[in-house]
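Trainee: fold the following.
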Amino acid sequence: MLYIIYTTGKCNLNCKYCGGSFSKEKMPWEIKYKFDDLKRLLKKDRECYICFYGGEPLLNQIFIKKVIKEIPAKKFVLQTNGLLINDTEFELLNKFDVILLSIDGVKEITDMYRGKGVYDRILENARLLKKKGFKGDLVARMTLTEEGNIYRDVLHLLSTGLFDHIHWQLNVVWSERWKNFEGWVKNNYLPNLEKLLNFWFKKMQEKTILGIAPFQGIFKRNLYGGTMPPCGSGIDSVTVTTDGRILSCPIAVEEKWAVLSEDLKSFRKPEKILIGEPCRSCIVSRECGGRCLYTYMEKFWGEKGFKEICKLNIWLIERIRELKPKIIEMTKTGKIQLYDLIYPTYNNSIEIIP
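Mentor: Numbers count the residues shown, from 1 in each chain. Below you'll find the predicted structure:
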């Protein structure tokens, strides 16, 4: 089980698509439960993976250190905006198997949504991680907005030579309806997504596997299947809030359907699968898995908007299905190794379905 653990509801940024810190009523800024209750719960799980989350998790480093020292998880993951990396002991950072840094592509896009100067600070801290010898998986965690260009922004981040993998999420969860979503899809997203996919495949033919997580993750699920939803929320992933509740989904901090337990002591492994129709009968359900539990449950853009976003992922999945025989052939001839292509190898909190 992956345990996504809130260290605080406080954030040191106020990104346009997120809104910054949670109110203290929704997500307290400090841990309210007894640490021993968390320790007792997680030590029962021999397949325990831990991801620190927020807010900005590095605002509570004392708690993170305590968890890592006292709870024997198989892997430790950090999702961070990256601004506090330079103020964090490398000894602590090096405990993480995966660090996800939030960055949206080129400088003007990142700074537009996250704040002036954020892009430079994130790259500076990513370089610092590499310079100090961080050996884990460094992931760029993008939010793709109406001003974004998936081909330009992903290739830009790859060109820095800093990130092992990149994944993106469309800004369609909480956002207002875009000015011209249909036009953006037709004239921007799909043409550039096709260019990116073709480039990924071309590099593979040249014996180089680019770490583009959605492509790799969809390919993996085509081969082996996976949970519904693909992030595992409420199936093999749960969230521990700062006030001790356990949720199926880390962003559903006030939705009743997401509450699995009101406290750590009474939690039992979830059994109910929340993703239903039309996803379960969909032609791409094996790879997509319902895309996103929160979006499936809330549908802020309504049924029509929900289906419009589905079409994008159906397109991508069908394209990867078309490439599959050629990719498999490359693994058989030894041009690439299947092991290098399969990602993620465990639930490391990345989201493979945009």
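Trainee: buried set for stretch 88-101?
Mentor: 88, 93, 96-101 (16 or more other C-beta atoms under 10 Å). Quick note: C-beta positions are derived from backbone N, CA and C, even for glycine.
Trainee: adding pLDDT, write those residues out as TSV.
Mentor: Listed next are the buried residues of stretch 88-101 as TSV, based on pLDDT from 0 to 100:
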residue	pLDDT
T88	97
L93	98
F96	98
D97	98
V98	98
I99	98
L100	98
L101	98
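Trainee: turn these into a markdown table, including distance to Y3.
Mentor: Output for those, formatted as a markdown table (distance: C-beta to C-beta, whole Å):
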| residue | distance to Y3 |
| --- | --- |
| T88 | 21 |
| L93 | 20 |
| F96 | 15 |
| D97 | 14 |
| V98 | 14 |
| I99 | 17 |
| L100 | 16 |
| L101 | 21 |
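Trainee: quick check: of the residues you listed, which lies closest to R291?
Mentor: L100 (19.1 Å; C-beta to C-beta).
Trainee: quick one: the strands in the stretch 51-200 of the chain, in order.
Mentor: Remark: strands assigned in the stretch 51-200 of the chain by DSSP state E, counting those that start in this stretch are 75-80, 98-102, 137-144, 165-170.
Trainee: angle of the shortest one against strand 165-170?
Mentor: Same thing as strand 98-102. Relative orientation of strand 98-102 versus strand 165-170 (axes from the mean of the first three to the mean of the last three C-alpha atoms, to 10 degrees): 40 degrees.
Trainee: could you do the first one as well?
Mentor: Relative orientation of strand 75-80 versus strand 165-170 (the same axes, to 10 degrees): 50 degrees.
Trainee: pLDDT averaged over stretch 244-259 - what is it?
Mentor: Mean pLDDT, stretch 244-259: 96.
Trainee: flag every buried residue along it.
Mentor: 244-253, 258.
Trainee: which of those residues fall within strands?
Mentor: Among those, the residues falling in strands (DSSP state E) are 246-247.
Trainee: can you list contacts of stretch 43-56?
Mentor: Residues from elsewhere that reach stretch 43-56, judged by C-beta atoms under 8 Å, 6 or more residues apart in numbering: 1-13, 21-22, 27, 29, 42, 64, 67, 71-81, 83-84, 239, 250, 346-349.
Trainee: returning to what we had before: closest to I235 out of the buried residues of stretch 244-259?
Mentor: Out of the buried residues of stretch 244-259, the member with the shortest distance to I235 (by C-beta to C-beta) is S248, at 8.2 Å.
Trainee: what is the end-to-end distance of stretch 276-292?
Mentor: Start to finish, the residues bounding stretch 276-292 are 12 Å apart (C-alpha to C-alpha, to the nearest Å).
Trainee: what average pLDDT does that stretch get?
Mentor: Per-residue scores along stretch 276-292 average to 96.
Trainee: now do the buried residues in it.
Mentor: 279, 282, 284-292.
Trainee: centre of the chain versus that stretch, how much separation?
Mentor: 19 Å (C-alpha atoms, centre = their mean, to the nearest Å).
Trainee: then stretch 167-184?
Mentor: Worked out by C-alpha atoms, centre = their mean, stretch 167-184 lies 17 Å from the chain centre.
Trainee: can you point out the buried residues in that stretch?
Mentor: In stretch 167-184, counting by 16+ other C-beta under 10 Å, buried: 167-173, 175, 178, 181, 184.
Trainee: just the buried residues of the contacts of stretch 43-56.
Mentor: 1-11, 13, 21-22, 27, 29, 42, 64, 67, 71, 73, 75-81, 83-84, 239, 250, 347-349.
Trainee: out of those, which sit inside helices?
Mentor: Among the buried ones among the contacts of stretch 43-56, the members falling in helices (DSSP state H) are 42, 64, 67.
Trainee: reformat those as CSV; add distance to K116.
Mentor: Formatted as CSV, these follow (distance: C-beta to C-beta, whole Å):
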residue, distance to K116
L42, 39
I64, 28
V67, 33
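Trainee: between the residues you listed, which is nearest N188?
Mentor: I64 (38.6 Å).
Trainee: from what I can see that closest one touches I31, true?
Mentor: No - contact criterion C-beta atoms under 8 Å: I64 and I31 do not qualify, at 10.9 Å.
Trainee: now do the shared contacts for these two.
Mentor: Joint contacts of I64 and I31 (C-beta under 8 Å, 6+ apart) are T7.
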